[in-house]
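Peer 1: missing the sequence, but the structure's below:
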């Protein structure tokens, strides 16, 4: 009986770790355009965007996409640029979306930010989490 439980637990752990590794690989293989396309489709479903709104949102997402920069030094400048980009994107979204859609967009953004903070704090403590 102990051997069966040991084998089953080993199989479960192996399958679970493989699934997490596979998800991480899939996330890494997407280029920025693919991530933008998926995010646009998610927003279109959640906010019920019209064709014109979807085109404007796509343009805004491409325009305000963060650029990969050197990670050494300049942390203040990098953070300030990131916040400026987020403010400009939010203003653009406010102009594109209706009032109800914008409120829902802000709620979705807050939920996404909360998930990111939670995952970051878990990783920082030494545990790995794949979203």
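Peer 2: In hand now; what should we look at? A quick note: this is a predicted structure, and the numbers were derived from the prediction, not measured.

Peer 1: Tell me the spacing between residue 111 and residue 105.
Peer 2: 11 Å (C-beta to C-beta, to the nearest Å). The C-beta positions use only the backbone N, C-alpha and C, and glycine is treated the same way.

Peer 1: Report the residue spans of the protein with pLDDT below the cut-off.
Peer 2: The chain contains residues with pLDDT under 70 at 2, 6-12, 14-28, 68-73, 124, 126-131.

Peer 1: now the helices: where do they sit in the protein?
Peer 2: 2-29, 32-47, 51-63, 75-96, 99-124 (DSSP state H).

Peer 1: quick one on the thing from earlier: between residue 111 and residue 105, which is the more surrounded one?
Peer 2: Using other C-beta atoms under 10 Å as the criterion, residue 111 and residue 105 rank with residue 105 on top: 19 against 10.

Peer 1: Next, find the distance separating the more buried one from residue 42.
Peer 2: Using C-beta to C-beta, residue 105 is found at 11 Å from residue 42.

Peer 1: next one: residue 51
Peer 2: 16 Å.

Peer 1: So for the two, which sits in the more crowded spot?
Peer 2: Using other C-beta under 10 Å, the more surrounded residue of residue 51 and residue 42 is residue 42, with 11 against 8.

Peer 1: Which residue lies nearest the spatial centre of the chain?
Peer 2: residue 112 (6.9 Å; C-alpha atoms, centre = their mean).

Peer 1: show me the contacts for the residue nearest to residue 48 when sequence neighbours are not counted.
Peer 2: Of all residues not flanking residue 48 in the chain, residue 101 sits nearest, at 7.4 Å (C-beta to C-beta, 6 or more residues apart in numbering). Applying C-beta atoms under 8 Å, 6 or more residues apart in numbering, one finds that residue 101 lies in contact with 47-49, 53.

Peer 1: can you check residue 47 too?
Peer 2: 53, 97, 101, 104-105.

Peer 1: and the two most separated of these?
Peer 2: 53 and 104 (12.8 Å; C-beta to C-beta).

Peer 1: Tell me, domain by domain, which residues of this structure belong where.
Peer 2: 1-30, 32-64+74-131 (automatic domain parsing).

Peer 1: What's the local residue count around residue 85?
Peer 2: 15.
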